[in-house]
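Asker: Here's a sequence, model it:
(chains A and B)
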Amino acid sequence: QVQLQESGPGLVKPSETLSLTCTVSGGSITVEYWSWIRQPPGKGLEWIGNIYYSGSFNYSPSLKSRASLSLDTSKNQFSLQLSSVTAADTAVYYCAKSPYSGYYDSWGQGTLVTVAS
Amino acid sequence: EIVLTQSPATLSVSPGERATLSCRASQSVNFNLAWYQEKPGQAPRLLIYGAYKRATDIPARFSGSGSGTEFTLTISSLQSEDFAIYYCQQYNIWPPGTFGPGTKVDIK
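Answerer: Predicted structure coming up:
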């Protein structure tokens, strides 16, 4: 059973860069797709982007200019950086795993990131 | 972008009753639709994928049906632990694999 765990600062100042890491256990990051999804307070789920171990990645068009994904196979981790954050980026951020089909069969517990000064 | 619409927004059901949730897509997604359950403070849990296939360890009271643009999630006999928000997600065009706005199932 694959498990995912997000980590990173819970508070980020406006205009700075949000950085989160997802640690994967019970499975290898060199298979399947790895995604970041967020959920602003009281709102629905929004896909941010995904990455495959070969280095291919995709981003939401609305976040493409600010988001960057990477993975570290030696640590079995993948990461998200979101630059120039504003209050609108306040959300619970989830990391998730997709089989090659596109649905999400494993999720992290989520981490709340608040953007405030 | 494929837009998903879920109805109703809120469904009030008594324990033991059947709940029927709908998800409509703005264009055909074939059978590429998933359903998730979300409880407060917890990560979403995959219930159904491929429109009707139950995910691992999901009870048989959860069933999915439909294809194309019209889908249904049925909970045959609601248990106390089933009161939650349910999201549908299409992955016919993935990424991005858009989510619906959710249906909240609460206690009547």
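Asker: Can you give me the buried ones in the helix or strand containing A:Q81?
Answerer: Assigned by DSSP states H and E, A:Q81 falls within strand A:77-82. Buried residues in strand A:77-82, counted by 16 or more other CB atoms under 10 Å in any protein chain shown: A:77-80, A:82. The way it works is simple: take the backbone N, C-alpha and C, and place the C-beta from them, glycine included.
Asker: ok, B:R18 touching B:I75?
Answerer: Yes: under the criterion of CB atoms under 8 Å, B:R18 makes contact with B:I75 at 6.8 Å.
Asker: what sits up against the helix or strand of chain A with the lowest mean pLDDT?
Answerer: Here the helix or strand of chain A ranked lowest by mean pLDDT, DSSP states H and E is strand A:57-59, holding a mean of 90. For strand A:57-59, the surrounding residues in contact (CB atoms under 8 Å, 6 or more residues apart in numbering or on different chains) are A:48-51, A:67, A:69, B:95-96.
Asker: now swap in stretch B:66-82 and tell me
Answerer: B:13-31, B:33, B:35, B:37, B:47-48, B:51-52, B:60-65, B:86, B:88, B:105.
Asker: out of the residues you listed, which are buried?
Answerer: Buried among these by 16+ other CB under 10 Å: B:13, B:19, B:21-25, B:29, B:31, B:33, B:35, B:37, B:47-48, B:51-52, B:62-64, B:86, B:88, B:105.
Asker: Mark which of the residues you listed are part of strands, please.
Answerer: Counting by DSSP state E, the buried ones among the contacts of stretch B:66-82 place B:13, B:19, B:21-25, B:33, B:35, B:37, B:47-48, B:62-64, B:86, B:88, B:105 in strands.
Asker: for the residue nearest to B:N32 when sequence neighbours are not counted, what are its contacts?
Answerer: Spatially, and ignoring its direct neighbours in sequence, B:N32 is nearest to B:N92 (3.9 Å; CB to CB, 6 or more residues apart in numbering or on different chains). Under the criterion of CB under 8 Å, 6+ apart, the neighbours of B:N92 are B:2, B:28-30, B:32-33.
Asker: Number of residues surrounding B:E81?
Answerer: By other CB atoms under 10 Å in any protein chain shown, the residues close to B:E81 number 9.
Asker: Can you name the residues that contact the residue in chain A that chain B sits nearest to?
Answerer: Using CB to the nearest CB, A:G102 is the residue of chain A that sits closest to chain B, at 3.0 Å. For A:G102, the contact set (CB under 8 Å, 6+ apart) comprises A:33, B:32, B:91, B:94-95, B:97.
Asker: cool, B:V29 as well?
Answerer: B:2, B:68-69, B:90-93.
Asker: from these, which single one is nearest chain A?
Answerer: B:Y91 (3.0 Å).
Asker: now the residue positioned nearest the centre of chain B, nearest residue through space, not along the chain?
Answerer: By CA atoms, centre = their mean, chain B has its centre lying nearest to B:W35, at 3.7 Å. Leaving aside its chain neighbours, B:W35 sits nearest to B:I48 (4.1 Å; criterion: CB to CB, 6+ apart).
Asker: just to revisit the earlier point, which element, helix or strand, includes the residue nearest to B:N32?
Answerer: Applying DSSP H and E, one finds B:N92 in no helix or strand.
Asker: close to chain B, is stretch A:66-83?
Answerer: No: using CB under 8 Å from any CB of the partner chain, we find that stretch A:66-83 stays clear of chain B, coming within 11.7 Å at best.
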